[in-house]
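# Any chance you could fold what I've pasted below:
(2 chains)
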Number of protein chains: 2
Amino acid sequence: MIKEKITQAIDILKEKNVDAWLTFVRESDTVHDPSLDFILGTSCTWQSAFIITQEGLTAAIVGSLDVANIESRGCYGEVIGYKESIQEALHGVLQKLDPQTIALNYSTDSPLADGLTHGMYLNLMKYLRKTPYAKRIISAEPIVAALRGRKSPTEIERIQEAVQLTLVMFDRVSDYIQVGRTEKEVAAFLKEKVKEARVELAWDPDYCPSVFTGPESAGAHAGPTDRTIARGHLMNIDFGVKKDDYCSDLQRTWYVLREGEAEPPDDVRKAFDTIREAIQLAAARLKPGVEGWIVDDVARSHITSAGYDEYPHALGHQIGRFAHDGAGLLCPKWDRYGKMPHEKVEAQQVYTIEPRITLKEFGVATIEEIVVVTDSGCQFLSDPQKEIYIIKE
Amino acid sequence: MIKEKITQAIDILKEKNVDAWLTFVRESDTVHDPSLDFILGTSCTWQSAFIITQEGLTAAIVGSLDVANIESRGCYGEVIGYKESIQEALHGVLQKLDPQTIALNYSTDSPLADGLTHGMYLNLMKYLRKTPYAKRIISAEPIVAALRGRKSPTEIERIQEAVQLTLVMFDRVSDYIQVGRTEKEVAAFLKEKVKEARVELAWDPDYCPSVFTGPESAGAHAGPTDRTIARGHLMNIDFGVKKDDYCSDLQRTWYVLREGEAEPPDDVRKAFDTIREAIQLAAARLKPGVEGWIVDDVARSHITSAGYDEYPHALGHQIGRFAHDGAGLLCPKWDRYGKMPHEKVEAQQVYTIEPRITLKEFGVATIEEIVVVTDSGCQFLSDPQKEIYIIKE
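Okay, the predicted model is just below:
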C-alpha cells in the first residue's frame, strides 16, 4: 500500500505541478507526521527527509542506523545515511533535483497536512540558508489533501468493513439499552464488543463511544456519565471502530417511550424526520466540484427553516485512517474552519453527514451517516437510519 | 497525575522565571503534542489553548463541544468555550494575565518539546498580530525538559516495573535462543510474552524487539530478519515494554559457542568487558550538573583507547512515557544533536547507557542499562549484565 500511495503522490505532484514534496521529521514515534503512514509505514529516529518528485524520483535521507530498516521496505529509490548532520546530504539531493517548488507539510487550516513541527521548520530554514531553495517552499496542503482524500478501492473497502461492523454493534446495543442503565454501562457494553471483534476504537476511548441520554446531557465530545436512561429520553450514541487501520464514525438515535406511549411524541418525531431529510438533501447536493459550505448550508438551512437552532459544528468531515481525516470539510464559513469550507469536493472522498437538533425537553436527535463521493454524486456506505429506534422499557 | 504534573509545571515556571506556558493544539488525536499527556490527559478537537502561569493560574480555551469533557477533568481553573474563533477568548485571557514571557512548545533540538506544528504557529502569530504578545514568545524547551525529565517517585516506580518485567523476559528468551532459530522467531517469542503480560511494546513493533545475530547483521533500528542463529555468533537484542504508560529499553548480549569451545574467544570477551567497563565508568561520572557530552566521552574514550571504532550514536537517552524521552542526551557534540550535549544532568532523570562495539568476525556486543540520577550520582534500575550469556547449542 505504501508503494501504491507513493505512485499516487507522484501523479498528484504532476497534477498540481509541484516539483518536489519534502517530508521532514525526526523521532517519528513521538510527534508523528500523519503523512508518514502513506509514504513510509515505519518509524525513523534522527532528522529524516523523504523526497518525492513529480518526475518520479524518490529519496530518503536518514540517520545511519535507520538505513537498513528504510532500505528493507524497498519504497525509496535512494536511501542515504548520515552520521553527524543531515545538511550535506540534503544539499546534495536538492542540488541534483533542483526543484522550483518544494512542498512542506504545514497548513494553517488542515491539521492532517500540518505534520511539520515549528522547530523542524526552523532547522530546515537553517540548513537552506544561503541556498536558493528556502524561497521555493510552499505548503503541501493540496498534495496531502488529495493523497488522503482520494481513496483507493482498497481503502474504501476497509472503511466499508468498519462501517458494517459498527452497524452490527448498534443492533446489539439496541437490545441492551433499557430504562435504569447508565450511559457508562452502555459505553462499556460497546467497548466489550470492540474487544471481542479484535478491532480498535476509532478515537479517544474517553469519548468513543459517546452516549447521551435525555435533556441537558453533557454534549458532543464528552464522555459517558452515570446518568441513567429514563422514560421520555431521546438518546444517542456516537461511535466508531478502526479495522485494518481504517475508521468508521456513526451516530444513531433512540427514544424511550413514556408510560402509555405507543410511539414517540410529535415533537420528537418531527425533529428526527428533519435530521433524516437534512441528510438526504445534503447527500443529493454532494458531488465533485461543489464547495463544502454549500452542502453544509443545504442541511443547516433545512433545519433552521423548520424553526430549530443551527448545529454548532460542521455537517461532516472526511474519514480514513483517522475518524477526522482529509482536508475539505462540509462546514459553514466560520473563522475556525479557515478556508476549509471553500475546498471542492472530489470523487473517492469519504464524508460523514451529521446534523443535530437539540430538544430542550427530550435530548438530542442526531444521525451520522457515511458516504463515498462518486463521479456524479455520492453513495451511502452506511444503511441510513430511517426510523427512530424505540425502547419500550 | 495530571494535577501533580500541572503543579510541578507551575514550580518550574517560577524556577525558570517564565510568566506563562501556552500549549496551542488542535485535533490532538492526529498530530499529538506530547506535552498534552502531562497537562491534559484527554483529547481536544478544535484549536485549543492551555495556559499555565507561574502565579498558578490555569486556563483552557477550547471549542464549545469540548468544554464538558475538559471541565469534567477538573484540572483547569477556567475552561472557556468558543464557537467561531478562538481569537477573542485568547486575547481576553492574555490581556488579563499580561505575561511578559510566553513559552510555546517548539524546539530545534528537543523533539519532545517540539509539539507545536508550523501551521499552528502561523495561526497563533496571526491572532497575536497587533498585540504586544507576539514579541514575548520564547521556546518552552527548558520547561518541557524539566517537566518530562524530573520524574516523580510514581514515575520512577513505573519505569522500574517495566525494567524488571523486561529482565524477566530476557531470562525466558535465553532458554529459547538456540542454533537454527531465526531472528524473527526470537522476536516473535518475546512479542508473545508481551501479550501474555498484557503490556505494550515500548516502540515501533517493526523493530521492538530488534534481534541481531552474527556478523554483518542489519544494524540497530532494523527489524529482525530470517537470518539463523549459528555457532560463533555474537547475538544481541534491543527490547522494551510499556507498562502503565512508562517504558523500559534494554539490550543484552549472547554468544553461541563454536564446536569445542567452552567459553567465548578472547576477542569476544574483551569487547564485552570493554562495554561493561564503559558503562560503569560512565555511570560513575553521571551526576547532577555534569553536561551530557562529558558522560558520553568517558565511555567513548574508553572504547576507542582500547582500539575499537567509536559507536555511531549517543551513549544514552532519557526514558519515560516514550523509550526516547526528555531532552538532555548523553551524546557527542555532533551537529545532529544540536545543543543537547550541553544540557546539564538533573536529579530524578532516568537515562539509558548503551555503548556498542562491532566485531567484524562475530557481530555486535552491546549492553543497555537504565539508571536514575540521584542527588550525588546515579543508581541502576536494571541489574547490569555482568557476564556474556552463553548459548551452548
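# what about A:Val295, which helix or strand?
Assigned by DSSP states H and E, A:Val295 belongs to helix A:292-305.
# How about the residues of the stretch 251-393 of chain A by chain B?
A:Pro312, A:His313, A:Phe322, A:Ala323, A:His324, A:Trp334, A:Asp335, A:Arg336 (Cβ under 8 Å from any Cβ of the partner chain). Quick note: C-beta positions are derived from backbone N, CA and C, even for glycine.
# Filter the residues you listed down to just the buried residues.
Neighbour-count burial (16 or more other Cβ atoms under 10 Å in any protein chain shown) applied to these gives A:Pro312, A:His313, A:Phe322, A:Ala323, A:His324, A:Trp334, A:Arg336.
# Helices along chain A, start to end?
Secondary structure of chain A (DSSP state H): helices at A:2-16, A:36-39, A:67-73, A:87-97, A:118-128, A:141-149, A:153-176, A:183-196, A:266-285, A:292-305.
# Tell me which of those sits most buried.
A comparison of the helices of chain A by mean neighbour count, using mean count of other Cβ atoms under 10 Å in any protein chain shown, puts helix A:141-149 on top with a mean of 23.
# How far does that helix sit from its chain's centre?
Offset of helix A:141-149 from its chain centre (Cα atoms, centre = their mean, to the nearest Å): 12 Å.
# Please list the outside residues in contact with that helix.
Residues outside helix A:141-149 that contact it (Cβ atoms under 8 Å, 6 or more residues apart in numbering or on different chains): A:5, A:8-9, A:12-13, A:15-16, A:18, A:21, A:35, A:38, A:103, A:105-107, A:109-110, A:112-113, A:318, A:320-321, A:325-328, A:343, A:346, A:348-349.
# let's see 6 Å
Contacts to helix A:141-149, defined as Cβ atoms under 6 Å, 6 or more residues apart in numbering or on different chains, come from residues A:9, A:12, A:16, A:21, A:35, A:38, A:103, A:107, A:110, A:112-113, A:320, A:325-327, A:346, A:349.
# A:Phe24 touches A:Ala49, doesn't it?
Yes. A:Phe24 lies in contact with A:Ala49 (Cβ atoms under 6 Å); the separation is 5.4 Å.
# Show me which of these two is the more surrounded one.
A:Phe24 (24 against 21; other Cβ atoms under 10 Å in any protein chain shown).
# Provide a list of residues in contact with A:Gly180.
Contacts of A:Gly180 by Cβ under 6 Å, 6+ apart are A:Thr228.
# Over to it: give its phi and psi.
A:Gly180 adopts backbone torsions of phi 100, psi -20, taken as degrees, to the nearest 10.
# follow-up on the earlier one: take the helices of chain A and write them to JSON lines, including mean pLDDT and distance to B:Ala187.
Converted to JSON lines, the helices of chain A look like this (pLDDT from 0 to 100; distance: least, Cβ to Cβ, whole Å):
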{"stretch": "helix A:2-16", "mean pLDDT": "95", "distance to B:Ala187": "21"}
{"stretch": "helix A:36-39", "mean pLDDT": "95", "distance to B:Ala187": "22"}
{"stretch": "helix A:67-73", "mean pLDDT": "90", "distance to B:Ala187": "14"}
{"stretch": "helix A:87-97", "mean pLDDT": "96", "distance to B:Ala187": "30"}
{"stretch": "helix A:118-128", "mean pLDDT": "97", "distance to B:Ala187": "31"}
{"stretch": "helix A:141-149", "mean pLDDT": "95", "distance to B:Ala187": "32"}
{"stretch": "helix A:153-176", "mean pLDDT": "96", "distance to B:Ala187": "27"}
{"stretch": "helix A:183-196", "mean pLDDT": "96", "distance to B:Ala187": "25"}
{"stretch": "helix A:266-285", "mean pLDDT": "98", "distance to B:Ala187": "48"}
{"stretch": "helix A:292-305", "mean pLDDT": "98", "distance to B:Ala187": "46"}
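# Could you export those to CSV, including columns for distance to B:Gly377?
Converted to CSV, these look like this (distance: least, Cβ to Cβ, whole Å):
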stretch, distance to B:Gly377
helix A:2-16, 47
helix A:36-39, 40
helix A:67-73, 36
helix A:87-97, 37
helix A:118-128, 32
helix A:141-149, 49
helix A:153-176, 53
helix A:183-196, 46
helix A:266-285, 66
helix A:292-305, 60
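# So which of those helices is nearest B:Gln385?
Taking Cβ to Cβ as the criterion, helix A:67-73 is the member of the helices of chain A that comes nearest to B:Gln385, at 24.5 Å.
# State the pLDDT value of A:Ala218.
pLDDT for A:Ala218: 67.
# swap in A:Tyr351?
Listed pLDDT for A:Tyr351 reads 98.
# Just give the closest residue to A:Tyr106, not the sequence neighbours.
With sequence-adjacent residues excluded and distances taken as Cβ to Cβ, 6 or more residues apart in numbering or on different chains, A:Tyr106 is closest to B:His118, at 3.9 Å.
# neighbouring contacts of stretch A:230-244?
A:158, A:161-162, A:165-166, A:194, A:199-200, A:202, A:209-214, A:247-249, A:251-256, A:258, A:323, A:362-366.
# start to end distance for it?
This stretch, stretch A:230-244, spans 37 Å end to end (Cα to Cα, to the nearest Å).
# So which bits of that stretch are buried?
If you call a residue buried by 16+ other Cβ under 10 Å, then stretch A:230-244 has these buried ones: A:231-243.
# Pull the distance from it to the chain's centre.
18 Å.
# average pLDDT for that stretch?
Mean predicted confidence for stretch A:230-244 is 96.
# Now do the contacts for the residue with the largest distance to the centre of chain A.
If you look at how far each residue of chain A sits from its centre, by Cα atoms, centre = their mean, the farthest one is A:Gly260, at 42.7 Å. Residues near A:Gly260 by Cβ under 6 Å, 6+ apart: none.
# Roughly how far does A:Leu122 sit from B:Leu116?
Using Cβ to Cβ, to the nearest Å, A:Leu122 is found at 11 Å from B:Leu116.
# right, I mislabeled it, should have said A:Gly377
From A:Gly377 over to B:Leu116 the distance is 40 Å, taken as Cβ to Cβ.
# Look at those two and report which has more neighbours.
Counted by other Cβ under 10 Å, A:Gly377 and B:Leu116 do not tie: B:Leu116 has more neighbours, with 27 against 14.
# so that one touches B:Ser107, yeah?
No. Under the criterion of Cβ under 6 Å, B:Leu116 is not in contact with B:Ser107, lying 9.1 Å apart.
# number of nearby residues for A:Ala262?
Neighbour count for A:Ala262, taken as other Cβ under 10 Å: 7.
# hang on, the earlier thing: need the residues that contact the helix holding A:Val295.
Under the contact criterion Cβ under 6 Å, 6+ apart, helix A:292-305 has outside partners A:274, A:278, A:281-282, A:285-286, A:310, A:315, A:328-333, A:341, A:343, A:355.
# angle of it against helix A:266-285?
Angle, helix A:292-305 to helix A:266-285, by axes from the mean of the first three to the mean of the last three Cα atoms, to 10 degrees: 160 degrees.
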